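Asker: below is the structure, and that's it, no one-letter string:
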DNA sequence: TCGCCAATCTGGTATATACCAGATTGTAAA
DNA sequence: TTTACAATCTGGTATATACCAGATTGGCGA
């Protein structure tokens, strides 16, 4: 049992000690923490209590878990501006991280109803669906689901999609969005997404939906992103559009 | 013990049953769930396991807890656009909810360093600091910390601040922001904020920082918001500002 | 009728223990 | 040297139990 003079619950005092080692830099980004059984011995607590402290730190974003491998120190958040279409990779590299995109699938599918409604096209229309996974410093950080109207970019799927999509859309198809609707909120990751990111189903994430439209209000691209909640900060700059 | 034929862990199957009652509407918004001991008896599991299911549902945003009172069904998320300065109350009421703002404190303080740096004023300058709590359907949903430069709005603290702040700034002081920088990310709520919202310290929240500037890039208002993570959706519309 | 306090209800924290399953590793066989 | 597999390490899930402290409630007394 730890020093018992204070009122603060044991698991929070353990949390504090661990948090200290992280913020002070004794434990570096991506470094593995001692095993749960080891921690419980060190602090003379049960594994259950140790876990409570770890789950707390996870919720705070200070550590993350990798299925049955252990707990690791969360690296610094990157900044991310979903309203800008500069390439993800160069955007991340500007911040001193490495980045990589992987295309998981690219198919022609019947448009999901909500995409049809949000995008102003008829239900049942065929659209391109692209699924990508993006890495920051070789850590998978988000899954991205993209919908495009083939009318605007015929033959798109023939291209390699591991590069900046908007660069391609601009240079090959002369597409340029005039307006974007963003929707952002915390949400748990469902099974397929969690699996693709190598985390536990039900762990919390950040959901971003982006609808890009052209000058006529017609939809160019619809984009759903499922982020690890601790991987980034949304940073948006909005110039005035008085009410 | 529940039906043991499936591989899905017990606590997730309990989760599913409870989630069902919520999404199907059998349990309505703000309705209290059965007590943990009651649930563990109903499902023939221990209280620890029942708790695991509840914590899971909490992470998903389907239920929330009120300290030692019980678990309740989370009401629907409201939409929230931090880039618009229309009154919070009318904005929420448009969506069919009731809203209310409470001023917790209004003082003249020495500017925090990060505010000085972000706002482009000298460190140590005195600024107004306003602390407000906002309710949706009588549920406290966010704590707001506002910084203003007294130079721009002398005597502001004499006014009632339970109304739309920007309405006041516009009509009384002719202030109008030209640009806003937003920063949004999930973060756990620290002790004072969690307490003010009546939730447990360490529960997850959504953090929003807004820096409003005038035409000259000078800061008009800086605003930090700490939201319950399940109370809202950020919805922003951005018109084009090509890269 | 109103206010206060005790009993009770509810979640919060903690111990001790057990077995399972995926990930990693070390060693022996090919 | 490389491959394959068994031992081991690590987190994941689950039981049983206990005591604490804040919140609610019900009843008694003024």
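Answerer: Received it, and whenever you're ready, just let me know what you need. Please read all numbers here as calculations on a predicted model, not as lab measurements.
Asker: now the helices for chain A?
Answerer: Here chain A has its helices, by DSSP state H, at A:10-23, A:36-42, A:47-59, A:88-93, A:113-119, A:165-173, A:191-197.
Asker: who does the shortest one touch, helix- and strand-wise?
Answerer: The criterion is 3 or more C-beta pairs under 8 Å, 6 or more residues apart in numbering or on different chains; DSSP states H and E, and the helices and strands that helix A:88-93 contacts are strand A:99-110. For the C-beta atoms, the positions are set from N, CA and C on the backbone; glycine is no exception.
Asker: how does chain A divide up, domain by domain?
Answerer: Taking automatic domain parsing as the criterion, chain A consists of the domains A:10-73, A:78-234.
Asker: would you turn these into a markdown table with distance to residue B:65, mean pLDDT and mean neighbour count?
Answerer: As requested, the domains of chain A are arranged in a markdown table below (distance: least, C-beta to C-beta, whole Å; pLDDT from 0 to 100; neighbours: other C-beta atoms under 10 Å in any protein chain shown):
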| stretch | distance to residue B:65 | mean pLDDT | mean neighbour count |
| --- | --- | --- | --- |
| domain A:10-73 | 14 | 94 | 16 |
| domain A:78-234 | 16 | 91 | 18 |
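Asker: among these, which is nearest DNA strand D?
Answerer: Of all those, it is domain A:10-73 that lies closest to DNA strand D, at 3.3 Å by C-beta to the nearest atom of the strand.
Asker: could the helices of chain A go into JSON lines alongside distance to residue B:224?
Answerer: Below are the helices of chain A laid out as JSON lines (distance: least, C-beta to C-beta, whole Å):
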{"stretch": "helix A:10-23", "distance to residue B:224": "20"}
{"stretch": "helix A:36-42", "distance to residue B:224": "34"}
{"stretch": "helix A:47-59", "distance to residue B:224": "20"}
{"stretch": "helix A:88-93", "distance to residue B:224": "25"}
{"stretch": "helix A:113-119", "distance to residue B:224": "31"}
{"stretch": "helix A:165-173", "distance to residue B:224": "32"}
{"stretch": "helix A:191-197", "distance to residue B:224": "29"}
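Asker: got a markdown table for these, with distance to DNA strand D too?
Answerer: Below are those laid out as a markdown table (distance: least, C-beta to the nearest atom of the strand, whole Å):
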| stretch | distance to DNA strand D |
| --- | --- |
| helix A:10-23 | 12 |
| helix A:36-42 | 4 |
| helix A:47-59 | 6 |
| helix A:88-93 | 27 |
| helix A:113-119 | 30 |
| helix A:165-173 | 33 |
| helix A:191-197 | 11 |
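Asker: right, so of those helices, which gets closest to residue B:166?
Answerer: Closest approach to residue B:166 among these (C-beta to C-beta): helix A:113-119, 29.0 Å.
Asker: so which elements touch that closest one?
Answerer: By 3+ C-beta pairs under 8 Å, 6+ apart, helix A:113-119 packs against strand A:219-228.
Asker: sorry, back to before: to residue B:91, which of the domains of chain A lies closest?
Answerer: Checking those against residue B:91 by C-beta to C-beta gives domain A:78-234 as the closest, at 15.8 Å.
Asker: does DNA strand C have contacts with that closest one?
Answerer: No. Figure legend: domain A:78-234 not in contact with DNA strand C (C-beta under 7 Å from any atom of the strand); closest approach 7.9 Å.
Asker: endpoints of that domain, how far apart?
Answerer: Using C-alpha to C-alpha, to the nearest Å, one end of domain A:78-234 lies 9 Å from the other.
Asker: next one: that domain to chain centre, how far?
Answerer: In terms of C-alpha atoms, centre = their mean, to the nearest Å, the centre of domain A:78-234 is found 11 Å from the chain centre.
Asker: with respect to residue B:98, which of the domains of chain A lies nearest?
Answerer: For residue B:98, the closest of the domains of chain A is domain A:78-234, at 21.3 Å, according to C-beta to C-beta.
Asker: can you redo the domains of chain A as JSON lines with distance to residue B:235?
Answerer: Shown next, in JSON lines, are those (distance: least, C-beta to C-beta, whole Å):
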{"stretch": "domain A:10-73", "distance to residue B:235": "24"}
{"stretch": "domain A:78-234", "distance to residue B:235": "5"}
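Asker: residue numbers of chain A in contact with DNA strand D?
Answerer: The interface of chain A toward DNA strand D, taken as C-beta under 7 Å from any atom of the strand, is made up of A:33, A:35-38, A:47-48, A:51, A:65, A:67-71, A:200.
Asker: looking at those residues, spot the one nearest residue A:17.
Answerer: Of the residues of chain A next to DNA strand D, the one sitting nearest to residue A:17 (C-beta to C-beta) turns out to be residue A:33, at 11.6 Å.
Asker: contacting residues for that closest one?
Answerer: When the contact criterion is C-beta atoms under 8 Å, 6 or more residues apart in numbering or on different chains, the partners of residue A:33 are A:18, A:27, A:39, A:54, A:63, A:70, A:71, A:72, A:73.
Asker: which residues are in contact with the last one?
Answerer: In this case it means residue A:73. Residue A:73 touches A:22, A:27, A:28, A:29, A:30, A:31, A:33, A:62, A:63, counting by C-beta under 8 Å, 6+ apart.
Asker: and for residue A:119?
Answerer: A:111, A:147, A:149, A:211, A:219, A:222.
Asker: repeat for residue A:167
Answerer: By C-beta under 8 Å, 6+ apart, the contact list for residue A:167 reads residue A:87.
Asker: how much space between it and residue B:100?
Answerer: Here the criterion is C-beta to C-beta, to the nearest Å. By it, residue A:167 lies 48 Å from residue B:100.
Asker: one more: residue A:78?
Answerer: Going from residue A:78 to residue B:100 by C-beta to C-beta gives 37 Å.
Asker: can you check residue A:60 too?
Answerer: 30 Å.
Asker: check residue A:15 too.
Answerer: Using C-beta to C-beta, residue A:15 is found at 34 Å from residue B:100.
Asker: same thing with residue A:214?
Answerer: Counting by C-beta to C-beta - residue A:214 and residue B:100 are separated by 41 Å.
Asker: what about stretch A:23-35, start to end distance?
Answerer: Per C-alpha to C-alpha, stretch A:23-35 runs 19 Å from first to last residue.
Asker: stretch A:213-226 too?
Answerer: Terminal residues of stretch A:213-226 are spaced 21 Å apart (C-alpha to C-alpha).
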